[in-house]
Structures are given as C-alpha cells and as structure tokens.
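S.K.: Give me a 3D structure for the following:
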Amino acid sequence: MPDKQKQLVQQVFKLLEARDKAALQKLFKKQRTSDIAEVVELVDTEEKRVIFDVLDKPVAAEILEKVEEATRAELFELLAEHEIHTLISELDLDDAADLLAELPEEIRRKVLKSIAPPDSEEIKELMSYSEDSAGGIMDPVLISVPAGATVTEVVNKIRAAEIEEDFYSVYVVDDTGKFLGDVRIRLLLTSPENTRLNDLIDPNTIYVNVEDDQEKVRNIFSKNDLIVVPVLDENHNLIGRITADRVIEVAEEEAVEDLFAMAGTNPDELESFSAFRAARIRMTWLLPCLIGTAITAVVLTFFNKKFTLQNLPLIYTGAIAFVPMIAAISGNAGLQTSAIVVSGLATGHLAALKLSQVVSREVRIAVLVALSCAVTGGSTCAILLKMHTSDAAIEAARLVFAVGSAMFAAIMVATTLGLFLPFLFRRIGIDPAISSGPLVTTANDSISVAIYMTLTLFLAS
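M.R.: Model (predicted):
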C-alpha cells in the first residue's frame, strides 16, 4: 500500500475511533472516490455505516459502485431501502443496471419504481441483455446526429446536451436511426462551420453487435487500439457505446473468471464474506476430484489382481512407487498446454489460427517434453532400484523401461487432452478455462496411471 494511502487509512481509523464525523467528512471531501472505496473495504461493518453517513450522496453512490462485490453485498444489507434507492438514482444508467442485478427481486422492483420512467425503462432494457454481452456492458448515453447536419449544428447540440461522461466522437445516423459512421471531435474542431457531416463521416467505423460476447469486444479494442466503439442491434440501429475504461474492467473480470475456473472454483464465492458459502462452492469441484482419485485407486486395485495372477508382486510393488511421479508429471504437462491454449483463445491470439497450426506447434513441443521426462524418469527409476535392490536385474530393467515408456505415453495423452479440450469446450459453449481445472487434471491422473500400469504389466510379462 502506498505511503499516502497508509496515511489516509491511519487518519480514518483515528477519526472513526474518536467518532469525529465532522473531521471525517472534511477529510473525505479532499480524497478520490477510489481511495475512499479502498478504505471502506478495510473497515468493520459499523464503521462502514459511519462513513456512508458522512459522505455526500453522489460520492457514496460512486463508492458503492467501486467496492468489491462482497463488500457491496454487505452494504446492501447495511443500508436502508430508501438509501439504496437514492444512491442508485445517482449513478449512470449502465452502472445502475449492474448494481440492480445484484439486488433481490423485490428490492429491485421498488428501486425501479422510484426512478423516473424514462430512466427506469432504459435500465430495464440494459438488464435484459446478458451481463457478459456487449449490450450488458454498454452505455446508452451518446450523441447521434443526422448526416445532413453542419458542424455548427452539431457543436450546438453538444453544448446543449446534459452529458457528464467523456465522449470522443459523435455518431451519424440516417432518418430511421441506422448507423452510418462516426465523426471524431478533432474534425469538428478543425473543420469550417458550414461543413456537413457527410463530408467528414468515417464509413468504416468499427462497431460491435449488441449480442457479441464481452471477450470479443475486449479483443476488438485491443487489436484496433480503440477508445470507444458504437453498439448496434440486429437491425443496424445505434443503441449505445462502450468505452475503454469499461473494457479494462471486462478484461479484469475475464482474467479473474479464468483464474478461478483453472483453480477449480468460481467468482461466486467473492459475492459474500461467508466462509461456508466459499467452502460449499469449492467442494462442488473437489468432491468430483475425490471420486476421480477413487477411480485411480480402482485402477491400481485392478492391476494388483493382474500382477498377483502373473506372480509378479515384486514388480507391482516397485511400480507403485513411481505412480505419483507419472500422475504429477503428466498432469502438469497437460495443464501447461491447456493454459497456453486457454490464454490464446481468451486473447484472440490462437483463435485466428487454424487448429492444425496450433496442433502442429504443440505436438512438437509435447514430443520434446515427453522425451526429456521419459529419459529423466527412467534414469531416476534405475538409480533408485539400484540403491534398494540387489537382485531381479531383469525385472528392474523392465520396470525402468516401463517407467520411461509410460512417462512418454502419459505426457503425450495428457498434452493431447490439454490441447483439444479447450477447443471442444469453447465449441459447445463451456468456458475453456474449465479444461485446466482439477476435474480434467484428475482425469489425466487416472488415464496416465492406467497407461503406466498396462505398459508395466505388458513389459514385465
């Protein structure tokens, strides 16, 4: 935490302890809302109440929007209904829609009734879109003008508009509201007053569809260095815009979602401070993993019977010692591949490539990795067997060969899963990051152990 922020936190705690609301209010008037939001994250529930009591309503509304979701859930329980109504009414329509989506249905209806009908209808329209779509993250507030308007007319319209948000261009539409292109503010400032927008319009303006996934929107911004992009509906009508600051939030949300999915949980556990809720969410992923490891145990039990029938208990005992190595290495190799593919799909770097090109690259890497691990694993097996056994040289040599061969085969299989599963999951509409999670890793363990024991049994027979 920067020194300035530490000083602010110390001052706030000191004033809260002294219950000096006047001094606290004076202190907050000099601070950025982002800094105040960080302080709110740190204090107890009662102290949150005190802070919101001394804040001006517009500032309190902005802080409510900036804090983490779990903190916001706590504040919703802390604040009275009329306070929630007031604060949400202070927000921009897109931010208000986001916060209302987190409220219980009953309170949401009451808040919407308390908002002016035009704004209420606009918010309902925004909430009708998927939260992960362009419509769910767009801002409906913009400036649109007809193609025949002059620079003077457009500038006068900008001056008359009551828009608090920053804007970088005006959008040109025809008589039916269909999007024609945009005109940058720079051109409006540098062109003669009687110039018509027809002469300034950029007909190749990049736009997004209202149903486009927010990840696609983020990639469009990244590849084209955009500051703002218009949002069109299925009829090519202009209905909103998305700015770069909102896309930065989207990028952070997507990164967090992928990280949680790869770890075997999901961001829902951040919606509250409840340890029981977080434990329940994590166990919904870990319980299937326990079942998966039980399958691995069943595989080993099955092979125990096979080795007993072949009268090879020594080989089986030796082979068991190397099961964790096989499972761990193959699982991690598959995880590395899936992480690279998931990252590429998320950023659009791999999405533009043909699957065959991705397969060609990753298979070459996998062969080199598998050969290296096979040689290293086999050598380790040989050294350990030499240290602990003085007889059964033929069986030991077979086991060494089995370990090396199984290591190679298991890594190749795990890498193949890590390569193809993200593409498969993406095609069927499942987050590709799940392919890097514990469920797939556990499946890799069972498969690699089955391959290893099968090769050991075959080579030792």
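S.K.: Kindly check the end-to-end length of stretch 149-167 for me.
M.R.: Start-to-end span of stretch 149-167 (C-alpha to C-alpha, to the nearest Å) is 19 Å.
S.K.: Count the residues that sit near residue 136.
M.R.: Burial measure for residue 136: 21 neighbouring residues, criterion other C-beta atoms under 10 Å. All C-beta atoms are positioned from the backbone trio N, CA, C, and that covers glycine.
S.K.: my bad, should have said residue 426
M.R.: 17.
S.K.: Is it within a helix or a strand, and which one?
M.R.: For residue 426, the host element (DSSP states H and E) is helix 393-427.
S.K.: For the next helix or strand after that helix, buried residues please.
M.R.: Moving toward the C-terminus from helix 393-427, the next helix or strand (DSSP H and E) is helix 438-460. Of all the residues in helix 438-460, those buried under the rule 16 or more other C-beta atoms under 10 Å are 438-457, 459-460.
S.K.: separation between the most centrally placed residue in the chain and residue 167?
M.R.: When C-alpha atoms, centre = their mean is applied to the chain, the residue found nearest the centroid is residue 254 (2.2 Å). Residue 254 sits 25 Å away from residue 167, going by C-beta to C-beta, to the nearest Å.
S.K.: Over to residue 179?
M.R.: Counting by C-beta to C-beta, the gap from residue 179 to residue 167 is 16 Å.
S.K.: Residue 97 too?
M.R.: 19 Å.
S.K.: which one of these two has more residues nearby?
M.R.: residue 97 (24 against 18).
S.K.: In the stretch 51-200 of the chain, mark out all the helices, start to finish.
M.R.: 57-66, 69-78, 81-89, 93-100, 105-114, 117-127, 134-137, 151-160, 185-190 (DSSP state H, counting those that start in this stretch).
S.K.: between these, which one is nearest to residue 233?
M.R.: Closest to residue 233 of those, according to C-beta to C-beta: helix 134-137, at 8.4 Å.
S.K.: roughly how far is that closest one from the heart of the chain?
M.R.: 16 Å (C-alpha atoms, centre = their mean, to the nearest Å).
S.K.: Over to stretch 122-139?
M.R.: 18 Å.
S.K.: how about that stretch as CSV, C-alpha atoms only?
M.R.: Only the C-alpha atoms of stretch 122-139 are listed here, as CSV (Å, rounded to 0.1, in the frame of the first residue of the first chain):
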residue,chain,number,x,y,z
GLU,A,122,-33.6,2.3,-20.1
ILE,A,123,-32.3,0.4,-17.2
LYS,A,124,-34.7,-2.5,-17.8
GLU,A,125,-33.6,-2.6,-21.4
LEU,A,126,-29.9,-2.8,-20.3
MET,A,127,-30.8,-5.6,-17.8
SER,A,128,-32.5,-7.6,-20.5
TYR,A,129,-29.1,-8.2,-22.1
SER,A,130,-26.7,-10.9,-20.9
GLU,A,131,-24.3,-9.4,-18.4
ASP,A,132,-21.4,-10.9,-20.5
SER,A,133,-22.5,-9.3,-23.8
ALA,A,134,-21.8,-6.0,-25.4
GLY,A,135,-25.4,-5.0,-24.5
GLY,A,136,-24.7,-5.8,-20.9
ILE,A,137,-21.6,-3.5,-20.6
MET,A,138,-22.6,-0.7,-23.0
ASP,A,139,-23.5,2.9,-22.0
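S.K.: List the buried residues of it.
M.R.: 122-123, 126-127, 129, 132-139.
S.K.: And the contacts of it?
M.R.: If you take C-beta atoms under 8 Å, 6 or more residues apart in numbering as the criterion, stretch 122-139 is touched by 92-94, 96-98, 100-101, 112, 115, 140, 165, 208-215, 217, 231, 239-243, 246-247, 249-250.
S.K.: Derive a ChimeraX selection command for the buried subset of the residues you listed.
M.R.: Those of the contacts of stretch 122-139 that count as buried under 16+ other C-beta under 10 Å are selected in ChimeraX with:
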select :92,93,94,96,97,98,100,112,115,140,208,209,210,212,213,214,215,217,231,239,240,241,242,243,246,247,250
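S.K.: ok, so of the buried residues of stretch 122-139, who is nearest residue 156?
M.R.: After measuring those against residue 156 - C-beta to C-beta - the closest member comes out as residue 139, at 22.8 Å.
S.K.: What residues are bridge-paired with that closest one?
M.R.: residue 241 (DSSP bridges).
S.K.: Spit out the contact partners of residue 96.
M.R.: 88-89, 115, 119, 123.
S.K.: before we move on, what about residue 16?
M.R.: 24, 43, 47, 50-51.
S.K.: Would you map out the domains in this protein?
M.R.: For the chain, the structural domains run 3-129, 144-244, 268-460, going by automatic domain parsing.
S.K.: And those, which one averages the lowest pLDDT?
M.R.: Between the domains of the chain, the one with the least mean pLDDT is domain 268-460; it has a mean of 72.
S.K.: what sits against residue 320?
M.R.: residue 300.
S.K.: quick revisit: which single one of the buried residues of stretch 122-139 is nearest to residue 417?
M.R.: Once C-beta to C-beta is applied, the member of the buried residues of stretch 122-139 that ends up nearest residue 417 is residue 132, at 26.4 Å.
S.K.: Distance-wise, check the closest one relative to residue 204.
M.R.: For residue 132 relative to residue 204 (C-beta to C-beta), the value is 27 Å.
S.K.: cool, and residue 228?
M.R.: Taken as C-beta to C-beta, the span from residue 228 to residue 204 is 15 Å.
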